[in-house]
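[1] Quick one, fold the following:
(2 chains)
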Amino acid sequence: MASLRDLRRRIKSIKNTAQITKAMQMVASAKMRKAQMAAVAGRPYAQLMNEVLSAATAGAGEFSHPLMEVREGNRRAVILITTDKGLCGALNTNLLREAARLEPGTTVFISAGKKGAQWAARLKRELGAEFLYKDTPAFSDARAISKFAQQMFLEGKVDRVDVLFTNFISTINQRPEQRPLLPIGRLQKLQAGVNGENSAAELEPVGKEYQFEPAPAKLLGDLLPQYVNYQVYQYLLEAKASEHSARMVAMKNATDNAKGIIKDLSLEYNKLRQANITKELLEITSAAMAMGN
Amino acid sequence: MAVLKLEIVTPEAKVYSEDVDMVTLPGVEGEMGIFPMHIPLMTQIAAGEIVARKGGQDYFLAVGDGFVEVTGERVAILTDMAIKADDIDEAKADEARKRAETRLAEKLSDEETATVQAALLHSLTQLNVKRRRRG
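    Residues are numbered from 1 along each chain as shown, chains lettered A, B, ... in the order given. Predicted coordinates for the structure are as follows:
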């Protein structure tokens, strides 16, 4: 049986833990909102890019670009977007389980986030590059990753590039998902905002006739890498929102657990204290009775 | 008098949105001035300086490379980086340039080189715009 002092110590230490997890929960929820806001802030950009894209595709007519080339080979690169830190529930575990299913011989990983790189090193998977991205992803982070992937694709080192990330469906639900990035298939309307189901809308045709300078084909050719960069940026934001919401939920559970344990321990502590008092009283009275006799 | 709505958007935010009388863009095929009622045009810009004229006064902005959609009443610019000349912190931009140059001098992997070069271009553009205004 634990002594009173031991119990008191344990209660105190668990209280401290609960305080920390509570603080982490609050921080995560603030950061999650920030990531969502960042995704929404890109909406005018996405809209404008959609307009330019559809006008340029309409102007260019039959068009092919090295980034759109569909190849037969099966070598592929996967951009693996994980978190840098743990303490976010099963998020990385779920994601890396998906990653482990991919064929080891033909897959090169490009990791964004430390956990993915660690995983690849531990399992001796091929790691093409390791990128870091900030807590609030900057567009330049996405551009670096995207540029590297595009280069691998253009040099023919890989025949396709996919993205494996955690999709933000709701605050309590995140799902690992794999999306194709390259070759660019049908051009789709870009979406901004973390909304879970990215519905694949078609580009709307533009009503106006535009003049082009330089020629539409050249313009479109320069626009496509930007299009891919922006997609990667959206994936990063989505992954980040998932991370923070997963952490928020994990930390809320931890706080609740800690409170439960504190309650049990307090009960035990009080029982023990009561028993001690009764015992002492018993000793005193029995001693008094012995003296009186 | 007709006005043009100048909009500059980056993936992170809408940087600028105001009615202006005229815009000068650093086009890839040379500088171009856009007045209201311009014919619809899609064009590309190089990293450089945008001049927005409003009420007889010129406002300067540094931009990265990007794309422009011009309609009769609107100039919409799609770019990675855009900053108003007044907001450019010369010391900071210069420091960023030096940092990028030292990093380039070191041995870097491919992916890092690309990032640093982009950063270098951004800070150089900012510095150019700032210095030209002052000189």
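
[2] show me what contacts the most centrally placed residue in chain A?
    The centre of chain A sits closest to A:A239, judged by Cα atoms, centre = their mean, with a distance of 3.1 Å. Going by Cβ atoms under 8 Å, 6 or more residues apart in numbering or on different chains, A:A239 touches A:I81, A:T82, A:T83, A:A112, A:G113, A:F165, A:T166, A:F168. From N, CA and C alone the C-beta is placed, and that goes for glycine too.

[3] In a strand, A:V163, correct?
    Yes. Assignment of A:V163 by DSSP: H, G, I helix; E, B strand; the rest coil places it within a strand.

[4] Quick check: residues of the stretch 51-200 of chain A near chain B?
    Counting by Cβ under 8 Å from any Cβ of the partner chain, the stretch 51-200 of chain A comes close to chain B at A:51-52, A:55-56, A:59, A:129, A:131, A:138-140, A:142-145, A:147-148, A:151.

[5] PyMOL command to pick out the buried ones of the residues you listed?
    Listed next is the PyMOL selection for buried residues among these, using 16 or more other Cβ atoms under 10 Å in any protein chain shown:
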select buried, chain A and resi 51+52+55+56+59+129+131+139+140+142+143+144+145+147+148
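
[6] Would you mind listing the buried residues in stretch A:72-91?
    A:R75, A:R76, A:A77, A:V78, A:I79, A:L80, A:I81, A:T82, A:T83, A:C88, A:G89, A:L91.

[7] And the closest residue to the second one other than its chain neighbours, its phi and psi?
    Right, the one you point to is A:R76. With sequence-adjacent residues excluded and distances taken as Cβ to Cβ, 6 or more residues apart in numbering or on different chains, A:R76 is closest to A:R160, at 4.6 Å. Phi and psi for A:R160, reported as degrees, to the nearest 10, are phi -160, psi 160.

[8] Same list (the contacts of A:A239) but as JSON lines, adding pLDDT and secondary structure.
    Output for those, formatted as JSON lines (pLDDT from 0 to 100; DSSP: H, G, I helix; E, B strand; the rest coil):
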{"residue": "A:I81", "pLDDT": "92", "secondary structure": "strand"}
{"residue": "A:T82", "pLDDT": "92", "secondary structure": "coil"}
{"residue": "A:T83", "pLDDT": "91", "secondary structure": "coil"}
{"residue": "A:A112", "pLDDT": "90", "secondary structure": "strand"}
{"residue": "A:G113", "pLDDT": "88", "secondary structure": "coil"}
{"residue": "A:F165", "pLDDT": "91", "secondary structure": "strand"}
{"residue": "A:T166", "pLDDT": "90", "secondary structure": "strand"}
{"residue": "A:F168", "pLDDT": "86", "secondary structure": "strand"}
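
[9] Contacts (any at all) between chain A and stretch B:28-38?
    Yes. Contact of stretch B:28-38 with chain A (Cβ under 8 Å from any Cβ) involves B:V28, B:E29.

[10] Give me the domain ranges for the chain.
    Picking chain A for this. A:4-25+A:252-292, A:31-248 (automatic domain parsing).

[11] actually it's chain B I care about, not the one you picked
    According to automatic domain parsing, the ranges for chain B are B:4-85, B:89-134.

[12] what's the model's confidence in the longest one, averaged?
    Here the mean pLDDT over domain B:4-85 is 87, rounded to a whole number.

[13] Distance from that domain to the middle of the chain?
    Averaging C-alpha positions (Cα atoms, centre = their mean, to the nearest Å) puts domain B:4-85 8 Å from its chain's average.

[14] Could you work out the end-to-end span of it for me?
    End-to-end distance of domain B:4-85 (Cα to Cα, to the nearest Å): 20 Å.

[15] show me where pLDDT drops low in the stretch 51-200 of chain A?
    Applying pLDDT under 70 to the stretch 51-200 of chain A picks out residues A:186-200.

[16] all helices in it, in order from the N-terminus.
    With DSSP state H, counting those that start in this stretch, the ranges of helices along the stretch 51-200 of chain A come out as A:91-101, A:114-122, A:139-154.

[17] For the longest one, report the contacting residues that lie outside it.
    Right, helix A:139-154. Contact with helix A:139-154 is made by A:66-67, A:77, A:79, A:108, A:110, A:112, A:128-129, A:131-134, A:158-161, A:181-183, A:225, A:228-233, A:235-236, B:10-12, B:80, B:110-112, B:114-115, B:118-119, as judged by Cβ under 8 Å, 6+ apart.
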